[in-house]
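# sequence first, then the predicted structure, then my questions.
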Number of protein chains: 2
Amino acid sequence: MLPQSKRLLKMWIRLLRVTRASESHLREFLRVNHDTTLPRFDVMAALYRRREGVTMSDLSRMLLVSNGNATAVVDRLEKDGLVRRTQSTTDRRTIFVALTEAGLQQFEVLAAEHEREIITLFGGLSDTDLDTLTDILKRMGKGERA
Amino acid sequence: MLPQSKRLLKMWIRLLRVTRASESHLREFLRVNHDTTLPRFDVMAALYRRREGVTMSDLSRMLLVSNGNATAVVDRLEKDGLVRRTQSTTDRRTIFVALTEAGLQQFEVLAAEHEREIITLFGGLSDTDLDTLTDILKRMGKGERA
DNA sequence: CCCTTATATTTCAAGTTTAAAATTTCAGGC
DNA sequence: GCCTGAAATTTTAAACTTGAAATATAAGGG
């Protein structure tokens, strides 16, 4: 039996490969079928989830990306009219971002098809698999905060 | 109980978050302690694994990145003297990449500390967890090829 | 030998990503 | 009111990443 560290390493590499391959599949799907990208989709999904609007800081925290990154993607979405920025009235540093009507409509189409792609990718998992995996992932999330 | 597609979606988002947070942790570790980056580490790890040398195509396939991407990272590593390119004698299109002596030495230090970081991140998992997770990840890998 | 097709790599433009610096605003202590 | 430090956002430079186009070479059929 390999030492634990080597087994962890192998698992991590496998995890990375599955994630990267899946991301690659979704990227390709978004590009070919909807002429958009994964970062754009991620931002729109976050804004859809919090329909009332999100600050830039919250957005980058939700997506685990840097502030500057969020700024860049939101800039492009705003240029395309899919997203709107609004200044806070109580704190002039804060800016709220939200989907426009056009953004909302586009995202609802995107989300439905994205969900189908997820089934293509992971539909082979049983209910038990899902429960087990979710449980393990939850515990893996703790390690970063140690 | 949520429909399967929603449960898959939740799992996928959780998987993505764990992976991104862990990558972020490792990136920070490599930057602060070793003044290097994750893509550079990944390339060096692939070359360490196949000490005899790898073609550019093999390299991008191993890392699941585009050809152009592999070229760019190898360019930078080559400029720093950590990696060497050699033309194939039998096929003039093919180029082999390998670690230099300096690259090999640097990587062995990097790898040992990287392994410790992996323990920090995931050491909380039991042997059973690891077996279960590996098994599920193997099956998840199948979906992409459907 | 020529032509076509396929393979290996690089180049290129555009977009993504990060970390750090700069800007603006806020909040609290004095 | 003023100062200081913190917070929210943008800007910047450099690296990374992609997909497509360009280049060079190989392989096989006629």
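The structure has been received and is ready for your questions. Numbers count the residues shown, from 1 in each chain, chains lettered A, B, ... in the order given.
# does A:Phe96 belong to a helix, a strand or coil?
strand (DSSP: H, G, I helix; E, B strand; the rest coil).
# and it, how many neighbours?
17 (other Cβ atoms under 10 Å in any protein chain shown). For every residue, glycine as well, the C-beta is placed using N, CA and C.
# which strand residues bridge it?
Taking DSSP bridges as the rule, A:Phe96 bridges to A:Thr55, A:Thr86.
# so who does it touch?
Applying Cβ atoms under 8 Å, 6 or more residues apart in numbering or on different chains to A:Phe96 gives the contacts A:Gly53, A:Val54, A:Thr55, A:Arg85, A:Thr86, A:Gln87, A:Ser88.
# same thing but at 7 Å, please
A:Gly53, A:Val54, A:Thr55, A:Thr86, A:Ser88 (Cβ atoms under 7 Å, 6 or more residues apart in numbering or on different chains).
# quick one: it from DNA strand D, how far?
7 Å (Cβ to the nearest atom of the strand, to the nearest Å).
# and A:Asp129, what pLDDT?
The per-residue pLDDT reported for A:Asp129 equals 95.
# now A:Ile119, nearest residue through space, not along the chain?
Among residues not flanking A:Ile119 along the chain, B:Ser5 sits closest, at 5.5 Å (Cβ to Cβ, 6 or more residues apart in numbering or on different chains).
# how many neighbours does that neighbour have?
When neighbours are counted by other Cβ under 10 Å, B:Ser5 comes out with 15.
# tell me which element it falls in.
helix B:4-34 (DSSP states H and E).
# so which elements touch that helix?
Where contact means 3 or more Cβ pairs under 7 Å, 6 or more residues apart in numbering or on different chains; DSSP states H and E, helix B:4-34 is packed against helix A:4-34, helix A:101-122, helix A:127-143, helix B:38-49, helix B:101-122.
# now distance to DNA strand D too, for those, in CSV please.
Output for these, formatted as CSV (distance: least, Cβ to the nearest atom of the strand, whole Å):
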stretch, distance to DNA strand D
helix A:4-34, 5
helix A:101-122, 14
helix A:127-143, 21
helix B:38-49, 3
helix B:101-122, 14
